[in-house]
Structures are given as C-alpha cells and as structure tokens.
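take a look and give me a structure for this.
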Amino acid sequence: MGTGNLIGQPLEAKAIASVLEELERQAAKAPDQLSVERRGDRVDVRGEIDVDALVMVVVGSMAGGP
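Model (predicted):
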C-alpha cells in the first residue's frame, strides 16, 4: 500500500502505511542490518532502524507530505 494511495484515509492509516513503507525501504537498503516481515496486522522487525528517517516520514505523512 503506497502512501500516495491514502488520500482521504484517516491520519492513523497514513501514519501506519508510512511507518511500514519506511521500515521496508530501510530493510531493502541494508538487508544485512534490518529485516522486516509483515504478519497480518503485526510486523516482525529485527535489526537497526534509522529512527530520524522514520520520524521524518511519519511527520511528513501527518503534515500531508508525500
């Protein structure tokens, strides 16, 4: 689910999608340092997370950014 497809969705749904997409982006960039596996409404995250990047994505989604 892309954040661009969430126009008109509740703010919470946008934040959730943004977090998941950012975690998956970080995992794809450094698969030896981070793994992310979706399990229904749960996510198994193992490794190092760039928290600054994650927060920026969440704040951006709440502000209506991309």
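
tell me the mean pLDDT for the longest helix along the chain?
If you go by DSSP state H, the chain has its longest helix at helix 11-29. The predicted model assigns helix 11-29 a mean pLDDT of 93.

what sits up against the next helix or strand after it?
Downstream of helix 11-29, the first helix or strand assigned by DSSP states H and E is strand 34-39. With CB atoms under 8 Å, 6 or more residues apart in numbering as the test, strand 34-39 has contacts from Leu20, Leu23, Glu24, Gln26, Ala27, Val43, Asp44, Val45, Arg46, Gly47, Glu48, Ile49. C-betas here are computed from N, CA, C, even on glycine.

quick one: secondary structure of Val59?
Under the three-state scheme (DSSP: H, G, I helix; E, B strand; the rest coil), Val59 adopts helix.

Asp50 versus that one, what's the distance?
The gap separating Val59 from Asp50 is 14 Å, by CB to CB, to the nearest Å.

ok, the residue positioned nearest the centre of the chain - contacts?
Nearest to the mean C-alpha position of the chain, by CA atoms, centre = their mean, lies Val19 at 2.2 Å. Applying CB under 8 Å, 6+ apart, we find Val19 in contact with Leu54, Val57, Val58.
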